[in-house]
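Colleague: Sequence first, then the predicted structure:
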Amino acid sequence: MGSQWFGQTFRKVHNLYVSPQWVKARGMAFNAAAYAEGLAAANVDCVELYCKDHHGNCYFPCSLGIPYPRDILGEMLPELKKRNIRLIAYVSVCFDNYALGLFPEWRAVNYLGDPYKLGSFYMASICSDYTQFVLRQIQELVENYEVDGIWLDIIPLARDVRQEVWMTTPHPIPDYSLPAQRVYQAETGEPLPNKPTPEQAERIFGFMTDKISSFLDEAYTVVRQYRPEAIVTYNGAGAPGDPIDSGDLISIEGHAPNYSRQSFIARWAKSRSKPFEIMTAGGLPRLDLGGGWNGFDQKPPTIMRLESAIAAIHGGSVAIGQAPYPNGSTDPGQLAGFAKVYKPIGEIEAYLPQPTGISDIGLILAAKPRTASLFWGQMQDGAEAFHEALLDGQIQFDITRMSDDFLKYQGLILPDQASLSDAEIKKIRDYVQQGGKLIASGSSSLYDETGAKRPDFGLSDVFGVSFIRDQSTPFTYLKIRDEQLANQVTSMPIFVDQAPYEVDLRGAFVLADVVYPESRRTDATTILWGDPGPDESQKFPGICQYSFGKGTCWYVAIPLKAKGMPNAWIKQLMRVLANRLIDTPVLKTNAPPGVEVVLNQQAGRYVIHFVNYHVGDADRLSSEGHGIILHNIDIQINLARLGKVNRVFSPPATSLQYETSGDWLKIAAPPLGVHSLIVIE
């Protein structure tokens, strides 16, 4: 509904106007005209303004919620409109300490009656009358203010599985509040079980997901009754763990210094038909205080520029948090910081919207957070690990869904994608049989689309191996036997802190073995501060290669991780295997690890982006806030994939020297600070 403007602009601020009742001079220092003028001077084009916060404060006149001395929304809106700045109204949904204090029966609780709480804030039960309370607040907002959109926070979406890095709001399942118990029994005919079986837990999650979806549908109806062109989204909309995915925008949090996570989010969202944003705190991250969301000590501009660039090169926005003081004033230094980020973005904005990646590899993420809710975290982790390895290897790749066209890729990676349907399995099988190349790992295809376990891998015939059992060992070793692979990675035993899958050969040949340690790790078996050594009598296939039809598959019998020192050899292994998928790359470069290089087709031209993650190292910023500037980066583009070249330049208008040699276009890239780009026309 009118969301296209969002994808055409890249200069957004997420304003956390939070001013609790205990604040001195509450709201007295707020000056809408001065603030709007400061945003305009900083080249900001959209503000996501807190209109109701977690405490229950409403920053507009509202019949419900804690009243505020000023109509912040009403004062801001006309001042922003004068300056052509859009306004999206933020509303906290399931965190509301005021309402949940007045009506404790609206709180989500466990079966003992203890309320679910995150930090200082209670979670509302979506089955309670609280939903009508917050819908009334939304109605009064959109009925009286011409906002450009509504941004709903704290929508409990995902099955609460392990998340190494937070991605989306978990749903406390089961919710044993009295309203939830009554609704569940009325609609299912059975009481909410105190200790649900896995099957019951899956049904309960589905039931609660339906309730969340119904609430969102009601919210959309309310908004569009009064503001039919307004966009509506929510925190976590479109994330791999979102079982509903109904927002007009994809909106996912991703924070410094997890820059590769921000790239992962951007690549995931890039191929969607919706605009997307990555939400990042403006303050320096402090994990004990909400990750920097309400920090007044803004991050150095270099770091914010890096975060903006990571999203922008994939066609998305970063909405950077900005925290006014609780009295309503804003530190001028924050606005000056935004200017250093958004003025450079404005100069290259024409080269950013609606890009299409030109890639050699498709990295499959087939998460099914609604039907196989327990597996979304595992499947996301598998894809994110390979993303980490490919990123540093300068390999051109897309994160793909099972609905995408696989034939445009030289190879596919299926990274611990446990839950696949029969139709999805057939699509992958056909791709390999017709000559495609595939890397698969871990539990890929071992479960169906409902999360039910198959007796064997669904792709066993493609892998050339059969499943025997999965082991609960906390660690094992991987020993490479193939001489070429060992030379490219290491001949030493590789420590693996993941449980392996035991497999039998069905025609594949072995490149590496999984080797169990001599014993489990205990006080009695430790080697000083080390681990029991590998036992060659306890080994089974670890990496297998198999020819299937006209294609080739490599299966790795462990889930793969690529982050941190313990996984250095695993990350190298992943890069080496990935390169075996590519006969002739579309792009070659000498850019070092830590530089993201992306080749896009955009508006009838090709755009090469370079983003320097090294500038985001907060421990190595200069006193001026700059990071490492890189020189002498060369790049080669395969002309057989691109075609004729008329002009090569670096925006806004710097011509670049280039030469052609056979099928290759060779270009010397400009010096790289945070972000540079080359345009080929």
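Modeller: All right, it came through fine.

Colleague: in the stretch 201-350 of the chain, which ranges drop under the pLDDT threshold?
Modeller: 287-290 (pLDDT under 70).

Colleague: What segments of it are strands?
Modeller: For the stretch 201-350 of the chain, the strands defined by DSSP state E, counting those that start in this stretch cover 231-234, 250-253, 276-280, 317-322.

Colleague: Kindly provide the distance from the closest residue to Gln354 other than its chain neighbours to Asp242.
Modeller: With CB to CB, 6 or more residues apart in numbering as the criterion, Gln354 has its nearest non-adjacent residue at 5.8 Å, and that residue is Gly315. All C-beta atoms are positioned from the backbone trio N, CA, C, and that covers glycine. According to CB to CB, to the nearest Å, Gly315 and Asp242 sit 19 Å apart.

Colleague: Between those two, which has more neighbouring residues?
Modeller: Asp242 (26 against 23; other CB atoms under 10 Å).

Colleague: Touching, that one and Gly236? I think so.
Modeller: Yes. Judged on CB atoms under 8 Å, Asp242 makes contact with Gly236 at a distance of 5.5 Å.

Colleague: intersection of neighbour lists for the two?
Modeller: Counting by CB atoms under 8 Å, 6 or more residues apart in numbering, the residues touching both Asp242 and Gly236 are Leu157, Ala158, Thr168.

Colleague: and of those residues, the nearest to Ala34?
Modeller: Thr168 (36.3 Å; CB to CB).

Colleague: State the distance from Gln602 to Pro104.
Modeller: 53 Å.

Colleague: So for those two, which residue has more residues nearby?
Modeller: Gln602 (16 against 11).

Colleague: tell me the contacts of that one?
Modeller: Tyr351, Leu352, Pro353, Gln354, Pro355, Thr356.

Colleague: Highest neighbour count among the residues you listed?
Modeller: Scoring those on neighbours with other CB under 10 Å, the highest-scoring entry is Leu352 at 26 neighbours.

Colleague: Test my guess that that one contacts Ala311.
Modeller: No. Taking contacts as CB under 8 Å, Leu352 lies outside contact range of Ala311: 9.4 Å.

Colleague: By mean pLDDT, point me to the weakest helix or strand of this protein.
Modeller: None of the helices or strands of the chain scores lower by mean pLDDT, DSSP states H and E than strand 170-171, at a mean of 84.

Colleague: How far does it sit from its chain's centre?
Modeller: 17 Å (CA atoms, centre = their mean, to the nearest Å).

Colleague: taking the mean pLDDT, what do you get for the helix or strand that it is followed by?
Modeller: Once the chain leaves strand 170-171, the next helix or strand it forms, by DSSP states H and E, is helix 178-188. The average of the pLDDT scores along helix 178-188 is 97.

Colleague: circling back to that earlier point, now the common contact residues for Leu352 and Ala311.
Modeller: Phe10.

Colleague: which strand is the longest one in the chain?
Modeller: With secondary structure taken from DSSP state E, the chain has its longest strand at strand 534-548.

Colleague: Report the backbone C-alpha coordinates of that one in PDB.
Modeller: Extracted in PDB, the C-alpha atoms of strand 534-548 (Å, rounded to 0.1, in the frame of the first residue of the first chain):
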ATOM      1  CA  PRO A 534      41.300 -38.300  17.700                       C
ATOM      2  CA  ASP A 535      40.800 -42.000  17.600                       C
ATOM      3  CA  GLU A 536      41.300 -43.300  14.100                       C
ATOM      4  CA  SER A 537      39.400 -46.500  14.900                       C
ATOM      5  CA  GLN A 538      36.200 -44.400  15.400                       C
ATOM      6  CA  LYS A 539      35.800 -42.600  12.100                       C
ATOM      7  CA  PHE A 540      33.100 -42.400   9.400                       C
ATOM      8  CA  PRO A 541      32.600 -40.300   6.200                       C
ATOM      9  CA  GLY A 542      32.800 -36.600   6.900                       C
ATOM     10  CA  ILE A 543      33.000 -34.900   3.500                       C
ATOM     11  CA  CYS A 544      31.800 -36.900   0.500                       C
ATOM     12  CA  GLN A 545      31.700 -36.200  -3.300                       C
ATOM     13  CA  TYR A 546      29.200 -37.800  -5.600                       C
ATOM     14  CA  SER A 547      28.300 -37.600  -9.200                       C
ATOM     15  CA  PHE A 548      24.600 -37.500  -9.700                       C
END
